[in-house]
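Enquirer: when you get a sec, could you give me coordinates for this:
(one chain, ligands or ions: 1)
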Amino acid sequence: MSRKLQIASVLLFLMFAVDMHAKSGDSRPSDPEATGRTVELFARMENLMSRGVMIGHQDDLAYGHQNYRPGVSDVKKISGDYPAVIGWDIGHLELGNEHNLDSVYFSVMKEQIRKTDARGGITTISWHCDNIVTGGSTWDVSSDEVVSSVLPGGANHDRYMGWLDSLALFFKSLKDRSGNDIPVIFRLYHEHTGSWFWWGKAHCSPSDYIAMWRMTVDYFRTSGVHNLLIAYSPGDCMTAEEYMERYPGDEYVDVVGFDIYQNGNDASGYSAAMSRNIDIVTDYASVSGKIPAISETGSEGIPQKDYFTSVIWPLLQGRELSYILFWRNAYEQDKPGHFYLPYKGHPAASDFVELLSYPRILMNKDIR
Ligand code: BMA
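Expert: Numbering: from 1, shown residues only. The predicted structure follows:
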């Protein structure tokens, strides 16, 4: 072989190896000490992408839309199966409360996370945490000092570390039947490209946001929490630069997602925004080895009867995405229209069930 040919072969091999690394799923969670089951979950999620996209639902096992009954799944009632991914929120765990901000008991959450895991399902957790400066809710944006105040040296740093301790205890208490930690996706400080949460764009600098993220993740790791895949989920972004502006780094993220909702009947605006952001996360996933997902979405009240087959399906077709999580079906009497997957008797129920029968749409039984 000539020298030139030798060099060309080596270059070709390297290019192939880099490409294989990105595609083959041999990358690992960002936590160097991730537990065996967490490493497995990451690999499993990567592999499942070649089979399709998993359907997810927030609070699916917390209650049904028509009543507050723990363990009741609107999705199971209409389709016969559980979603592959089930979302929970731990807002108010930091306060030492027995239930979260939507009255879901943490004891119920833990029990259902164990059951989901035993069924082969996947859990994702978000955190609508209170405003530590004002004592107000997660939506209290009256102070721009919250993020800087929880950083090292800030007035609320020690108290905030106490909040993180409660979360660390919760994560460590998630055990399967063999006593191993159940791995979960933890979606931190979400929708920060908007300004409706205290950690939103208008209320802190990019460097403070990133510092808070890293501090949080580092604190869990040094506290011995190694069963988390960390998810990053801005709101609608126009460009990859906007998406990455407050990205805390590959060492602190495993899942790259985004949250976008349909506004009223504007299916075309929604589809354009969804496609744009799907491009952003799948492109970034292909160069970084992260897992791309739609971390929150839906059309409140599902006014369009064929929303799932006409709007959602074209968005998912031909895409390599891990999961799509629809938001919760609220049970509260004062939120009759606040639901994102159909319940029994809703006009869009058969359309949703039809979507589930399409190729590459994965429910719990498909990923066991
Ligand atoms: C929001 C709404 C609220 C809820 C919060 C946290 O989008 O559903 O009613 O309190 O999520 O689950």
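
Enquirer: and the nearest residue to residue 308 once chain neighbours are set aside, what does it touch?
Expert: Using Cβ to Cβ, 6 or more residues apart in numbering and skipping residues adjacent in sequence, the residue nearest residue 308 is residue 355, 4.0 Å away. C-beta: built from backbone N, CA, C; applies to glycine. Shown in contact with residue 355 (Cβ atoms under 8 Å, 6 or more residues apart in numbering): 308-309, 312-313, 361.

Enquirer: can you tell me which of those are in helices?
Expert: Residues from the contacts of residue 355 lying in helices, with DSSP state H as the criterion: residue 313.

Enquirer: and the nearest residue to residue 53 once chain neighbours are set aside, what element?
Expert: Closest residue to residue 53 apart from its sequence neighbours, by Cβ to Cβ, 6+ apart: residue 321 at 4.8 Å. Assigned by DSSP states H and E, residue 321 belongs to no helix or strand.

Enquirer: over to the one 10 residues further on?
Expert: Secondary structure from DSSP H and E places residue 331 outside every helix and strand.

Enquirer: can you tell me which residues contact it?
Expert: Residues counted as contacts of residue 331 (Cβ under 8 Å, 6+ apart) are 63-68.

Enquirer: go again using 6 Å as the cut-off
Expert: Shown in contact with residue 331 (Cβ atoms under 6 Å, 6 or more residues apart in numbering): 63, 68.

Enquirer: that one and the ligand: what is the separation?
Expert: From residue 331 across to the ligand, the span is 11 Å (Cβ to the nearest ligand atom, to the nearest Å).

Enquirer: separation between that residue and residue 112?
Expert: According to Cβ to Cβ, to the nearest Å, residue 331 stands 15 Å off from residue 112.

Enquirer: now swap in residue 354 and tell me
Expert: Separation of residue 354 from residue 112 (Cβ to Cβ): 27 Å.

Enquirer: and the strands in the stretch 1-150 of the chain?
Expert: Using DSSP state E, counting those that start in this stretch, the strands of the stretch 1-150 of the chain run over 53-58, 85-89, 122-126.

Enquirer: dump the C-alpha coordinates for the second one into PDB.
Expert: Yep, that's strand 85-89 we're talking about. Taking Å, rounded to 0.1, in the frame of the first residue of the first chain, the C-alpha atoms of strand 85-89 are listed here in PDB:
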ATOM      1  CA  VAL A  85     -42.900   7.200  29.800                       C
ATOM      2  CA  ILE A  86     -44.700   8.600  32.800                       C
ATOM      3  CA  GLY A  87     -44.000  12.100  34.200                       C
ATOM      4  CA  TRP A  88     -44.200  13.400  37.800                       C
ATOM      5  CA  ASP A  89     -43.500  16.700  39.400                       C
END
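
Enquirer: name the surrounding residues that touch it.
Expert: For strand 85-89, contacts defined as Cβ under 6 Å, 6+ apart pick out 54, 56, 58, 60-61, 100, 109, 116, 121-126, 128, 323, 325.

Enquirer: and those residues near the ligand, which?
Expert: residue 128 (Cβ under 6 Å from any ligand atom).
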